[in-house]
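**Student:** Sequence and predicted structure are below.
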Amino acid sequence: MRAVFATTTASVPMPGGHSVVVRFGSHWPADDPVVVAHPDLFSDDPRYGISASAPIPEERPVEQVTAAPGEKRATRRPA
């Protein structure tokens, strides 16, 4: 079973007149009716399901420093 994580806390109205509370960081089955009806409230990024005493920094992409084989890069040389 695939799980997704709540990205915010919200009260979601359901058919039948009742509401379901979605709490930030809680995990839900990906096929749950609340997740299917409100996919914008969930993410498959596991960082949303982690509790920590300090903010978890976002991972930034690693810059490629050297050219790949066959790749040409423009260089500037000081005059």
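**Tutor:** Perfect, I can see it now. Numbering: from 1, shown residues only.

**Student:** so where's this protein shaky on pLDDT?
**Tutor:** By pLDDT under 70, the weakly predicted segments of the chain are 51-52, 55-56.

**Student:** That one: helices as residue ranges?
**Tutor:** 33-37 (DSSP state H).

**Student:** what ranges do the strands span in it?
**Tutor:** Ranges of strands within the chain are 3-6, 10-13, 19-22, 27-29, 42-43, based on DSSP state E.

**Student:** how close does the nearest residue to T9 once chain neighbours are set aside get to P57?
**Tutor:** Residue nearest to T9 in three dimensions, not counting chain neighbours: F24, with 4.7 Å by C-beta to C-beta, 6 or more residues apart in numbering. All C-beta spots, glycine's among them, are computed from the backbone N, C-alpha and C. As for F24, its distance to P57 is 18 Å (criterion: C-beta to C-beta, to the nearest Å).

**Student:** Compare these two (neighbour count), which wins?
**Tutor:** Comparing F24 with P57 by other C-beta atoms under 10 Å, the one with more neighbours is F24, at 13 against 7.

**Student:** Check whether that one really touches T7, as I assumed.
**Tutor:** Yes: between F24 and T7 there is a contact under C-beta atoms under 8 Å: 7.0 Å.

**Student:** Now do the shared contacts for these two.
**Tutor:** Common contact partners of F24 and T7 (C-beta atoms under 8 Å, 6 or more residues apart in numbering): Y48.

**Student:** one step back: give the contact list for the residue nearest to T9.
**Tutor:** With C-beta under 8 Å, 6+ apart, F24 has these contacts: A6, T7, T8, T9, Y48.

**Student:** Same check on R23?
**Tutor:** Residues near R23 by C-beta under 8 Å, 6+ apart: A6, T9.
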